[in-house]
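> Have a look; sequence and predicted model below, questions after that.
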Amino acid sequence: MAGAVPWGVLLGASKGLFFGLGKASGDAILPSNIQGKSRAVIMGGFAGAFQGVGIAPFLLASTRVNQAIASGNTQATSLRYSFTILSDVIRKEGMQAVTRGMGTNAFKRALDWVVRFYIRETLVEPIKKKRAKSLKPGEKVKISDWDKLWTSLAAGGISVYISTPLDRLLPLLQQQ
């Protein structure tokens, strides 16, 4: 449970929150003449970077708990340790420790979402073109739930494959 509570729970809950806030902020500042695939990709990158900055302190705390457990620290398995790790890091290493790896995390999350949005939009384009041929004037192209699912899964899988090396680098940066 240590590491998962509270940091894993906060990470899970805050990822969507920060992504949504980033997407809304990006939507407010991105010119309206940028549309379609370009807008989706730019919004994905902006929201992903926003998400990366927002979740960085929780990710640091979770990483530190897991590193302490892996190094054999028996106290690290207690929930008390997990709840106090972030304040201990700040007390011992200063407030700047919370920002360690933040840039890399923001870049990783932006890359992840740019790739996801680009691949998904690229996969959806031919589906939309094919379905548009059979539409009556004024009708909008609809994507089936199945097509939404498989294009999103494919995009997510490719994105994870591309951004995994940064996942390996992040704990190293958070230790320094």
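Nice, I can see it.
> Low-confidence regions, this protein specifically.
Filtered on pLDDT under 70, the chain yields the residue ranges 1-3, 176.
> Identify each buried residue in the longest helix anywhere in it, please.
In the chain, assigned by DSSP state H, the helix with the most residues is helix 36-70. Neighbour-count burial for helix 36-70, counted by 16 or more other Cβ atoms under 10 Å, picks out 39-41, 43-66, 68-69. No exception for glycine: its C-beta is placed from N, CA and C like everyone else's.
> do stretch 96-103 as well
By neighbour count on 16+ other Cβ under 10 Å, the buried set for stretch 96-103 is 97, 98, 100, 101, 102.
> hang on, the earlier thing: and after the longest helix of the chain, which helix or strand comes next?
helix 79-93 (DSSP states H and E).
> which one is the residue nearest to the spatial centre of the chain nearest to, not counting chain neighbours?
With the centre of the chain defined as its mean C-alpha position, the nearest residue by Cα atoms, centre = their mean is residue 109, 4.4 Å away. In space, and not counting its chain neighbours, residue 109 is closest to residue 52: 3.4 Å by Cβ to Cβ, 6 or more residues apart in numbering.
> measure residue 133 to residue 52 for me?
Applying Cβ to Cβ, to the nearest Å, the value for residue 133 to residue 52 is 40 Å.
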